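Participant: need a 3D model of the sequence below.
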Amino acid sequence: MLEIIDMSKHYGDVHAVNNLNLTIQPGEIFTMLGANGAGKTTTLMVSLGFTEPTSGTVKICGIDVTKDPLEAKKHVAYVSENVMLYGNFTARQNLEFFTKLGGRKNVSDADYEAVMERVGLQRDAFQRRLKGFSKGMRQKLGIAIAIMKDAEVILLDEPTSGLDPKSGAEFLQLLSELRGENKAIWMTTHDIFRAKAIADRVGIMTEGNLVKIFTREELEQEDLERIYVDYVTREAEAAA
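Facilitator: Residues are numbered from 1 along each chain as shown. As a prediction, this is how the structure comes out:
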């Protein structure tokens, strides 16, 4: 479970996140919408322990990320918009390296092959160097690494950006499977269609504030695109 309690992050006079409260339960996908600079990625960086909050607390599986960052990191996996892996390593070598780095040692060749197949990598890609991979293939390998870590919490920053429709649909199917495995999943995105398709709840963030949360029932009744555009337009007008 991910808990964000009264969390703020300020950079001098810039208030990147303001007094955020959010809980994501096991078996839930929470999707955060927001324009660039809204505070989505900053919140992820604080949740991962990459930067400390100005005030408030973030807990992963009950562990305070600021007070015990190494223990908290054992329970979280992260996939960024641009997955940073080793270009001269093969897909198989990258997967093994990061799996062992995450603390798992007794993993068989069959386990590695099974997870690469699960995320939709073609078998002929297993032994190819990553520098020849498309963005979609890199994203698939990134989620394979997250799956191998078997973390309770998965954080995804714009994971479907740049994916073609087929790869995007496959990615959402993987997220659905992971939700069924009781993972707590938080995904930031600009993609309203995919957010609505996969999320149990959708939040809208503007100027560092979580201004609205929709439940699955509300998503089926509301025009999410219109509401989101209204918020973003208001934010742009206020900035002007």
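Participant: show me what I204 is bridged to.
Facilitator: Here I204 sits in beta bridges with L33, K212, going by DSSP bridges.
Participant: correct me, but it touches Y228?
Facilitator: Yes. I204 is within contact range of Y228, at 5.8 Å (criterion: C-beta atoms under 8 Å). For every residue, glycine as well, the C-beta is placed using N, CA and C.
Participant: what do the two both touch?
Facilitator: L33 (C-beta atoms under 8 Å, 6 or more residues apart in numbering).
Participant: now the residue positioned nearest the centre of the chain: how far from S47?
Facilitator: For the chain, L156 is the residue whose C-alpha lies nearest the centre (C-alpha atoms, centre = their mean; 1.2 Å). Plainly put, L156 is 12 Å away from S47 if you go by C-beta to C-beta, to the nearest Å.
Participant: shared neighbours, the two?
Facilitator: Common contacts of L156 and S47, defined by C-beta under 8 Å, 6+ apart, comprise W186.
Participant: show me the domain layout of the protein.
Facilitator: As given by automatic domain parsing, the domain ranges for the chain are 2-75+153-239, 83-150.
Participant: gap between the two ends of the last one?
Facilitator: So that's domain 83-150. This stretch, domain 83-150, spans 18 Å end to end (C-alpha to C-alpha, to the nearest Å).
Participant: quick one on the thing from earlier: excluding chain neighbours, what is closest to the residue nearest to the centre of the chain?
Facilitator: M187 (4.2 Å; C-beta to C-beta, 6 or more residues apart in numbering).
Participant: next, count neighbours for that neighbour.
Facilitator: M187 has 27 neighbours, counted by other C-beta atoms under 10 Å.
Participant: my guess is I192 meets E225, correct?
Facilitator: Yes. Using C-beta under 8 Å, I192 makes contact with E225 at a distance of 5.1 Å.
Participant: neighbour-wise, which of the two wins?
Facilitator: I192 (17 against 12).
Participant: quick check: the gap between that one and E52.
Facilitator: 32 Å.
Participant: poorly predicted segments of the protein, please.
Facilitator: 235-240 (pLDDT under 70).
Participant: please, where are all the helices along the protein?
Facilitator: 40-47, 69-73, 91-101, 109-118, 135-149, 165-180, 192-198, 216-221, 224-239 (DSSP state H).
Participant: give me the nearest residue to K74, chain neighbours excluded.
Facilitator: G103 (6.6 Å).
Participant: any idea how many residues pack against the one you found?
Facilitator: Quick note: G103 (other C-beta under 10 Å) scores 10 neighbours.
Participant: correct me, but it touches H75?
Facilitator: No. Under the criterion of C-beta under 8 Å, G103 makes no contact with H75, lying 10.8 Å away.
Participant: separation between the closest residue to E71 other than its chain neighbours and M205?
Facilitator: What sits nearest to E71 in space, not counting adjacent residues and going by C-beta to C-beta, 6+ apart, is I63, at 5.3 Å. Computed as C-beta to C-beta, the I63 to M205 distance reads 24 Å.
Participant: have a look at those two and say which one is more surrounded.
Facilitator: In terms of neighbours (other C-beta under 10 Å), M205 is the more surrounded of I63 and M205; the figures are 24 against 18.
Participant: hang on, the more buried one packs against L33?
Facilitator: Yes. With contact defined as C-beta under 8 Å, M205 counts as touching L33 (7.1 Å).
Participant: shared neighbours, the two?
Facilitator: With C-beta under 8 Å, 6+ apart, M205 and L33 have no common neighbours.
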